[in-house]
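1. everything below, folded, please.
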Amino acid sequence: MHEQTLFNISWPLFIELALHMGMGVIATLMLSHYSDNAASGVGVANQLLGIFILVFNVTSIAAMILIGQRLGANELSQARQFARSAVGLNVWFGVIVAILVLVFGEPLLRLFDIQGEVLNYGLIFIRICGASLFLESLSLALSAILRSHGFTKESMIVSIMMNIISVIGYAFSIFGLFGMPITGVIGVSWTIVIARAFAVFVLLYLVYKRIALTFKVQDIIKINKQDIRDMLYIGIPSAGENLSYQFSQLIITAIVASLGDASLAARVYISNISMICYLFTVAIAEGTQLLVARYIGGKQYDRALKRGIKTLRIAMVASLSAAIVMALIGSPILELFTDNYQILAVGVPILWAVVFTEPGRAMNIVLMSSLKSAGDVRFPVIIGIISMWGIAVTLSYTLGITFGLGLLGVWLAQGIDEWFRGIFACKRWLSKPWERVRVKNTAKSHI
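-> Numbering: from 1, shown residues only. Presented below is the predicted three-dimensional model:
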C-alpha cells in the first residue's frame with residue numbers, strides 16, 4: 001500500500017461533494033421550470049428518501065473505517081473479507097428499505113401535510129426511486145471500499161459520470177429536447193434509476209480493476225456474523241447521530257417558521273451559502289478519517305494524533321476565512337437568491353453569525369469523524385444528542401422566541417452547539433482515546 005497524502009485523498013472528495021451539492025440545486029431549478037408543485041413534491045419525497053439512505057451509511061461508514069484499520073495493520077485478507085461483508089449487508093438493507101418505502105411511502109409522505117398535485121408528484125418520485133434504493137445502497141458500499149483503499153479519484157469519476165447522465169436525462173424529461181416527449185417527474189425519476197444502475201456497474205468494475213476483488217452470490221447469502229457485529233458497533237452510533245441531527249433540524253425549522261415567511265426563506269438561503277464555507281472542511285475531514293483509520297490500524301498513534309490537529313487548524317482557518325468573505329459581500333450574495341427587502345433585512349446580519357458558527361463547526365466535523373476512526377464511536381453520538389437537543393433546539397427557542405432575537409438567536413444557538421461539541425471533541429482527541437479503546441489485530445475482536 002503506497003503512502004498517500006491528505007491532499008491526494010481529499011481533492012477528489014471535495015469535487016465529489018461539490019458536484020453532489022450542486023446537482024441538488026440544479027435539479028430543483030430545472031423542475032421549478034416544469035412546475036412549482038413538481039419541485040415541491042420531489043423536494044419533500046427526496047427529504048424522506050434521504051432519511052432512509054442514512055440506514056445505508058451504517059455499513060458504509062463502518063466499512064470504510066474497519067477496512068482502513070485492517071489495511072493499516074497490513075491484514076489484507078481481513079480487509080477484503082470486510083469489503084465482501086459490507087456489500088452483502090448493504091444489499092439486504094437496500095432490499096428491505098426499498099420494500100418499506102414502496103409499502104409505506106404514501107402514509108409517510110402524508111405526514112408532511114402535502115396534498116393534491118404536490119402529493120401526486122411526490123408519490124410518483126418515491127415509488128420509482130424508492131424501488132431502486134438497493135442500487136443506492138450497493139453503490140455506497142462499493143464507493144466506501146474504494147475510498148478505504150485510497151482510490152477517492154475513482155469514486156469522484158463515477159460521480160461526475162452520474163451527474164452527466166442525470167443532467168442529460170433531466171433536460172430531456174423536463175424540456176423535451178429534440179422533439180422528445182416531456183415526461184416530467186416520471187422521466188426525472190427513471191433518470192435517477194438509470195444513473196444509479198450505471199454507477200453500480202462501473203463501481204463493480206473499478207473494485208475489480210483496482211483491488212482485484214470480486215463478489216459471489218454467497219457473499220450476500222452468508223455474511224460473517226462477527227463482521228456484522230463490528231460494522232453495526234461503529235455504524236449504528238454514527239447513523240444515530242445523523243438521525244438525531246436531522247430531527248433536531250426539523251424542530252428548529254418549525255421554530256424558524258413561526259417567526260414568519262421572511263425568516264424561513266432567509267434560513268434556507270443562508271444555509272445554502274454556509275455550505276460553501278464548510279464544503280472544504282467536510283472533504284478534508286473525510287480524507288483525515290481515512291488516514292487516521294490507517295494509522296490506528298498500524299499502531300502509529302502519534303501520527304494519528306498529529307494528523308487530526310493539523311487538519312483541524314487547516315479547516316478552522318479555511319472555514320473562518322470563507323465565512324468572513326461571505327459576510328463582507330453579504331448583500332450581493334443574498335440578492336442572487338432574492339430581491340425581497342424583508343428577506344434581505346433579516347438575512348444580511350445572520351451572515352456575521354455564520355462567521356461565529358463555522359470555526360466551531362469545523363472543529364466538530366474534523367475531530368468527531370477522527371474519533372470514530374480511532375474506534376471511539378459512542379462519545380460523538382452521546383455528546384451530539386445532548387448538545388443538539390439541550391443546546392441547539394432549546395436555545396433556538398429561548399434566544400429566538402423568548403428573548404425576541406428571531407433568526408439571529410436561532411443561528412447563535414446553533415453556533416453555541418457547534419462550539420460546545422467541537423471543544424469537547426478537541427479535549428477528547430487530545431486525551432488519546434485509543435488508550436481507552438484498544439484496536440486489536442484480529443477481525444474477531446477489535447474496537
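2. what is the one helix or strand in the chain whose mean pLDDT sits lowest packed up against?
-> Ranked by mean pLDDT, DSSP states H and E, the weakest helix or strand in the chain is helix 6-34, scoring a mean of 75. Other helices and strands packing on helix 6-34, by 3 or more Cβ pairs under 8 Å, 6 or more residues apart in numbering; DSSP states H and E, are helix 36-72, helix 152-175, helix 184-211, helix 261-297, helix 301-328. In this view, the C-beta of every residue, glycine as well, is placed from N, C-alpha and C.
3. how near is Ser85 to Ala323?
-> For Ser85, the distance to Ala323 (Cβ to Cβ, to the nearest Å) stands at 41 Å.
4. dump the C-alpha coordinates for stretch 183-193 into PDB.
-> Provided in PDB are the C-alpha atoms of stretch 183-193 (Å, rounded to 0.1, in the frame of the first residue of the first chain):
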ATOM      1  CA  THR A 183     -42.200  13.200 -19.200                       C
ATOM      2  CA  GLY A 184     -41.700  15.500 -16.100                       C
ATOM      3  CA  VAL A 185     -41.300  13.800 -12.800                       C
ATOM      4  CA  ILE A 186     -41.600  10.300 -14.300                       C
ATOM      5  CA  GLY A 187     -38.700  11.000 -16.600                       C
ATOM      6  CA  VAL A 188     -36.600  12.500 -13.800                       C
ATOM      7  CA  SER A 189     -37.300   9.500 -11.600                       C
ATOM      8  CA  TRP A 190     -36.200   7.000 -14.200                       C
ATOM      9  CA  THR A 191     -33.100   9.100 -15.000                       C
ATOM     10  CA  ILE A 192     -32.100   8.700 -11.300                       C
ATOM     11  CA  VAL A 193     -32.700   4.900 -11.500                       C
END
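5. list the buried ones in that stretch?
-> For stretch 183-193, a neighbour-count test (16 or more other Cβ atoms under 10 Å) marks Thr183, Gly184, Val185, Gly187, Val188, Ser189, Trp190, Thr191, Ile192, Val193 as buried.
6. wait, which of those residues is closest to Trp92?
-> Taking Cβ to Cβ as the measure, Val193 is the one of those closest to Trp92, at 19.9 Å.
7. which one is the closest one nearest to, not counting chain neighbours?
-> What sits nearest to Val193 in space, not counting adjacent residues and going by Cβ to Cβ, 6 or more residues apart in numbering, is Ser132, at 4.4 Å.
8. so what's that neighbour up against?
-> By Cβ atoms under 8 Å, 6 or more residues apart in numbering, Ser132 lies in contact with Ala98, Ile192, Val193, Arg196, Ala197.
9. swap in 10 Å and give it another go.
-> Gly94, Ala98, Ser189, Trp190, Ile192, Val193, Ile194, Ala195, Arg196, Ala197, Val200 (Cβ atoms under 10 Å, 6 or more residues apart in numbering).
10. could you do Arg303 as well?
-> Contact partners of Arg303, counting by Cβ under 10 Å, 6+ apart, are Leu291, Val292, Arg294, Tyr295, Ile296.
11. now Gly130
-> Here Gly130 is in contact with 45, 48-49, 52, 97-105, 123, 136, 189 (Cβ under 10 Å, 6+ apart).
12. great, nothing more from me.
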